[in-house]
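Asker: can you look at this prediction? I've put the sequence above it.
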Amino acid sequence: MSPALDKDVSTCGSILPRRFSLLSYNIQVGVDTGRYREYVTKGWKHVFPHRERMVNLNRMASMLSQYDMVSLQEVDAGSLRCGFVDITEYLAHRAGFPHWYRQINRNIGVIAQHSNGFLSRFRPSRITHHKLPGGPGRGAMMFDFGTHREALLLCSAHLALGRRARAKQLAFLGELLQNRPNIVLMGDLNAGCDATEIRRFIEAHDMNEPACDQATFPSWRPVKKFDHILVSRSLNIINSRVLDYPLSDHLPVAMELELPEDAVTPPDSHPLSAQA
């Protein structure tokens, strides 16, 4: 399917099961990095096309195919450096995902189209795209899986490097997520669980991050936890782990979740349209 703009697609939405798997992965545009000096020696791969990129993307697709919903950061929407291939669409088709969405956050024409991507086996009932505050080039996508207040609301995002910008972005996302009891925030947040802005967000929204002790960056010797799947405490975490899959400079983080019954069985009294 084609990438979605902000819209309500509830008339054709599929039912989200109570139990499903998630993965978040910063894929660095399909460029593998095995040591710091390769940011210099392989820097040209961020500008020009190369055969190894597609080999890496195919290997990534094989791994992504094992999950139900995937948040992707540092993808390209089809510029020169990736041979004019929309990476989100390519991975969706290669991994067998029927629904895929992308958000271009920095468009440099044929040079680069920096994007976020999202792959899903279930069609959301509503999708919204948001530009994040704190400087250009950062964005978030929101996915509703149901039309009642208790339905799952999932946010896929890539936050800024700077602490002040991140704090603004998390405050912005917090306003969008408030009053929803079953939420997920997943992506490259560029900060660890001990960062003040991350702790404040987790506490304000009564969330869990079970893999705080598992670092994701750099992939060859991880010491920092940049990549997260934050979930409401109302959601039952079956398992959560960082995968030893070093095809990028980040490692992917995976989770299996079980939703409460009210997230998939809409009560009569809490339609989303009644929200302030």
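Answerer: Yep, that arrived.
Asker: how many neighbours does Trp163 have?
Answerer: Residue 163: Arg, not Trp. Counted with other Cβ atoms under 10 Å, the neighbours of Arg163 add up to 13. The C-beta positions use only the backbone N, C-alpha and C, and glycine is treated the same way.
Asker: what's the closest non-adjacent residue to it?
Answerer: Distances taken as Cβ to Cβ, 6 or more residues apart in numbering put Glu197 closest to Arg163, at 6.5 Å, once the chain neighbours are dropped.
Asker: pull the distance from stretch 97-108 to the chain's centre.
Answerer: Distance of stretch 97-108 from its chain centroid, counting by Cα atoms, centre = their mean, to the nearest Å, is 11 Å.
Asker: same question for stretch 179-190.
Answerer: Relative to its chain's centre, stretch 179-190 lies at 9 Å (Cα atoms, centre = their mean).
Asker: quote the end-to-end distance of it.
Answerer: 26 Å (Cα to Cα, to the nearest Å).
Asker: what is the mean pLDDT for that stretch?
Answerer: Mean pLDDT, stretch 179-190: 97.
Asker: which strand or helix spans the closest residue to Ile87 other than its chain neighbours?
Answerer: Excluding its sequence neighbours, the residue lying closest to Ile87 (Cβ to Cβ, 6+ apart) is Val75, at 4.3 Å. Per DSSP states H and E, Val75 falls inside strand 69-76.
Asker: list the buried residues for the next helix or strand after that strand?
Answerer: Remark: after strand 69-76, the chain's next helix or strand is helix 87-95, criterion DSSP H and E. Residues 87-92, 94-95 are the ones in helix 87-95 that count as buried (16 or more other Cβ atoms under 10 Å).
Asker: same question, stretch 19-30
Answerer: Buried residues in stretch 19-30 (16+ other Cβ under 10 Å): 20-30.
Asker: just give the number of residues close to the residue nearest to Pro218 when sequence neighbours are not counted.
Answerer: Distances taken as Cβ to Cβ, 6+ apart place Asp249 nearest to Pro218, at 5.4 Å, with adjacent residues excluded. When neighbours are counted by other Cβ under 10 Å, Asp249 registers 23.
Asker: so for stretch 181-201, what gets flagged as buried?
Answerer: 181-192, 195, 197-198, 201.
Asker: for the residue nearest to Pro218, what are its contacts?
Answerer: Contacts of Asp249 were listed using Cβ atoms under 8 Å, 6 or more residues apart in numbering, and they are 26, 28, 31, 33, 39, 217-219.
Asker: can you check what angle separates the helix or strand containing Ser156 from strand 69-76?
Answerer: Assigned by DSSP H and E, Ser156 belongs to strand 152-158. Using axes from the mean of the first three to the mean of the last three Cα atoms, to 10 degrees, the direction of strand 152-158 lies 20 degrees away from that of strand 69-76.
Asker: any idea of the mean pLDDT for strand 152-158?
Answerer: 98.
Asker: please name the residues that touch Ala157.
Answerer: Counting by Cβ under 8 Å, 6+ apart, Ala157 makes contact with 116, 132, 138-141, 169, 173, 185-187, 189.
Asker: for Asn56, same thing?
Answerer: If a contact means Cβ under 8 Å, 6+ apart, then Asn56 has 30-32, 247 as its contacts.
Asker: who's the residue nearest to Ile87 bridged to?
Answerer: Note on Val75: beta-bridge partners Ser115, judged by DSSP bridges.
Asker: count the neighbours of it for me.
Answerer: For Val75, the count of nearby residues is 30 (other Cβ under 10 Å).
Asker: tell me if I'm right that it and Phe118 touch.
Answerer: No. Val75 sits out of contact with Phe118 when judged by Cβ atoms under 8 Å, with a separation of 9.8 Å.
Asker: common neighbours of these two, please.
Answerer: 88, 102.
Asker: keeping just the C-alphas, turn stretch 75-83 into PDB.
Answerer: Provided in PDB are the C-alpha atoms of stretch 75-83 (Å, rounded to 0.1, in the frame of the first residue of the first chain):
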ATOM      1  CA  VAL A  75      15.500   5.300   6.700                       C
ATOM      2  CA  ASP A  76      15.500   7.000   3.300                       C
ATOM      3  CA  ALA A  77      12.400   7.600   1.100                       C
ATOM      4  CA  GLY A  78      14.100   7.100  -2.200                       C
ATOM      5  CA  SER A  79      17.100   9.300  -3.000                       C
ATOM      6  CA  LEU A  80      20.400   8.800  -4.900                       C
ATOM      7  CA  ARG A  81      22.200   7.200  -2.000                       C
ATOM      8  CA  CYS A  82      19.800   4.200  -1.900                       C
ATOM      9  CA  GLY A  83      19.400   3.900  -5.600                       C
END
